[in-house]
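In: Sequence and computational prediction follow.
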Amino acid sequence: MKRTIVALSMLSATLFTACSDKYLELDDKQNLTENTFWTTRQHALQGITATYAALQGHDGSKWTFFEEVYITLAYKADDVDNNKNEPYGKNLAAFVNSPDESGPWNLWATCYAGIGRANQVIEKVPGITSMNEQERNEIVAEAKFLRAYNYFVLVNGFENVPLVLKFEKDLTKLQVSQAPATEVWAQIEKDLTEAEAALPPAYDDAYKGRATKGAAKALLAKTYLFREKWPEAEAKFREIYGQYSLNANYADNFNGTKENGPESIFEVQFSGDRAVSDERHPFNFEVRPYALDGWEIYYPSDWLVTTMKNDKKADGGYSDRVYGSIFFNDPQSKMWDLNIPANLVPYADVAASLSRPAFFNKYAYPNDRGGAYVGTNISVIRYADVLLMLAEAANENGKTGDAIGFVNEVRNRSHAKPIAAGSLNKEQLREQIRNHERPVELAMEWGIRWFDLVRWGRGATAKQAIKTILTNHGKPSANNYVEEKHIRFPIPLKEINVNPLLKQNNLY
C-alpha cells in the first residue's frame, strides 16, 4: 500500500530535513517543543519513521541517495564499471580519492543521521506511558535494528568509527573518538539480539516495510558471517530458513511488483509520491543506455558479463537471472523504454546506437512512475542472499552437501542447471559461491559486492587480497589499489576538521 507521511523535526541539534516511507500517514503538523514532543503514540511513530527515513539519505535527496551513497557503496567493486565521462564517484572507482571526497562523507552523514535518530527513539519512547508496553518495546527494537544496520555499514566501510549510543544535546560533548572495531561489532550483535527478542514476525499491510523479527535474525546472522563465526551464522540463518520464499520471477525483485513480498526481508522504502516530499529515485535513468533515454552512469563490468554468460540452463540457454540482470546482445534480451505506456525493446533494435555491449537491467523498469523517476523499493536483504550466506556458512562448517542444496534452491528459481551433488568439494564450492553465485545473483545490489570483497580481504578463512581479485577480474585502475589503504573509506575531512579526536585511516 502506498501511503504518505509528513516531514517532522525531532527537537534536536540535528533537525530532520526529510521523513518518508510507505507505511504511515500522519496529520500532526504542529510546531513542537521539547516539552510537548515524546508524549504520545503519534510522536513515537513519527520518531521511528524519521529513523527509517535516514535510509534514503541524511538530507532526503534522491541525488544524495544514488549519486553519493549508492555510488560510494558500489563503485570500488569488481561487478561495476563507472562511466569515465561522468564525474560521479570517478576518483573512488579509480582508487585516487582523497579524504575530501563527497561520497564517503555523505555515507558517513547518512549513517550517523540514522544513528542519532535511533538513539532518540531508544531513549525517549520508553517514557511514553500513553501507549501500551508491547508497542513501545517494538518501536525501540526497530530503532536498535536500524542503529545496528547503520553501524554495520560504517564498520565495514570505514572500520574505525565513533560508537555513539546516546543522543547528546550538549554541543561541547559532540567530539567523540573512534572505538575499536571489535566494540562496534559487539554493539551490533547486542542491538540485533535485543531487537530480535522484541520485534514482531510480521505487520499488517498498512505497516509493511518495518523491520521484523526475521530481518533482525537475518542481519544478526550476516554479522556472524562477516565475523567468521560460522556455527553461529549457520544456526541463526537456519532459524529463518523456510520462513520466506523466492519470487517465481527473478525480475520481480527489481520492478516494483513484489515490494515487501515473499522474498523481501528488508528494503529501503519509496512510494513515488511527490505531495509532501519527493518519494522517488533515479535508478531507472542511471542504469539505462543513452539510446533508451538513459544516463548510463555505470555499467556491468566485463568480468561480470562474462561470468553471467556462464550461468546456463540445462539446455545451454542463459538463466533467467542473466536476462533479469543485464541487457546484452542476445535475441531474448530486452529492456523497457520510458514511453507511456512503456514498451519492451529488443537489444537488436538499439544495438547500433549503444556505446557499450552490456548494461544493467535491474531497476530499469518504468513501473510505479510519478513523472520520470520511480518509487520502486531498494532491496537491502532478500531471501536469495540469505540462502547463499547459509550455504557459505554450512560449507565452512564442513556441510558441503547441505550447502550445495541451498545454492541450488537459488539456481533453480532462475532455471540455472543445478550443481550435481558431490561434484564440488569445500574449496571449490567456496570459490563458486564467492565468484559466481553471489555476483551473478546479487550484482550491483545495495552494499553487497564491495562488502563481500572487504570481508574476504580482512578475514582469516581463505583470505583473498582485494587487489588480486580486482586485477584478475580486469577492474580498471586496479593497479592504483593499495591493500592497506583502499580497503577502507577515508574518514571524511569535514569530520576531522570539526572533531580533532578523529584519526585518519591508514595512508590517506
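Out: Nice, I can see it. Numbers count the residues shown, from 1 in each chain.
In: Stretch 248-258 spans what distance, first to last residue?
Out: Stretch 248-258 has an end-to-end distance of 10 Å (criterion: Cα to Cα, to the nearest Å).
In: buried residues in that stretch?
Out: Neighbour-count burial for stretch 248-258, with 16 or more other Cβ atoms under 10 Å as criterion, is recorded at 250, 251, 252, 253, 254, 255, 256, 258. Where C-beta positions appear, they are placed from N, C-alpha and C, glycine not excepted.
In: same question, stretch 264-278
Out: 264-273, 276-278.
In: now the buried residues of stretch 248-258 in CSV, with distance to residue 46, pLDDT and secondary structure?
Out: Below are those laid out as CSV (distance: Cβ to Cβ, whole Å; pLDDT from 0 to 100; DSSP: H, G, I helix; E, B strand; the rest coil):
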residue, distance to residue 46, pLDDT, secondary structure
250, 37, 98, helix
251, 35, 97, helix
252, 32, 96, helix
253, 30, 97, helix
254, 30, 95, coil
255, 31, 91, coil
256, 26, 90, coil
258, 29, 95, coil
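In: mind putting those residues in CSV, distance to residue 191 included?
Out: Listed next are these as CSV, based on distance: Cβ to Cβ, whole Å:
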residue, distance to residue 191
250, 32
251, 34
252, 31
253, 27
254, 29
255, 33
256, 31
258, 29
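In: ok, of these, which one's closest to residue 426?
Out: Minimum distance to residue 426 across the buried residues of stretch 248-258 is 27.8 Å, recorded for residue 250 (Cβ to Cβ).
In: Surely that closest one is in contact with residue 416?
Out: No - if you go by Cβ atoms under 8 Å, residue 250 and residue 416 don't touch, sitting 10.1 Å apart.
In: list the residues that contact both of those two?
Out: By Cβ atoms under 8 Å, 6 or more residues apart in numbering, residue 250 and residue 416 have these common neighbours: 320, 321.
In: which pair in the buried residues of stretch 264-278 spans the largest distance?
Out: Using Cβ to Cβ, the buried residues of stretch 264-278 reach their maximum pairwise distance at 265 and 276, which is 27.6 Å.
In: Distance of the residue nearest the centre of the chain relative to residue 167?
Out: The residue lying closest to the centre of the chain (Cα atoms, centre = their mean) is residue 446, at 3.2 Å. Computed as Cβ to Cβ, to the nearest Å, the residue 446 to residue 167 distance reads 27 Å.
In: repeat for residue 464
Out: 40 Å.
In: Same check on residue 47?
Out: 11 Å.
In: now residue 419
Out: Going from residue 419 to residue 167 by Cβ to Cβ gives 49 Å.
In: Tell me which residues of stretch 408-418 come out buried.
Out: Buried, per 16+ other Cβ under 10 Å, within stretch 408-418: 408, 409, 410, 411, 413, 414, 415, 416.
In: Pick out the most distant pair among the residues you listed.
Out: Maximum pairwise distance in those, criterion Cβ to Cβ, is 12.6 Å, between 409 and 415.
In: From the chain's centroid, how far away is the helix or strand hosting residue 192?
Out: If you go by DSSP states H and E, residue 192 is part of helix 181-198. Between the centre of helix 181-198 and the centre of its host chain there is 19 Å, according to Cα atoms, centre = their mean, to the nearest Å.
In: Show me what counts as buried in it.
Out: Buried, per 16+ other Cβ under 10 Å, within helix 181-198: 181, 184-185, 187-189, 191-196, 198.
In: And that helix, what does it pack against?
Out: Helices and strands touching helix 181-198, by 3 or more Cβ pairs under 8 Å, 6 or more residues apart in numbering; DSSP states H and E, are helix 133-157, helix 213-226.
In: how about the strands in the stretch 201-350 of the chain?
Out: 264-268, 298-300, 326-327, 334-336, 344-346 (DSSP state E, counting those that start in this stretch).
In: Using CSV, lay out the ones you listed together with mean pLDDT.
Out: As requested, these are exported to CSV (pLDDT from 0 to 100):
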stretch, mean pLDDT
strand 264-268, 97
strand 298-300, 98
strand 326-327, 98
strand 334-336, 95
strand 344-346, 96
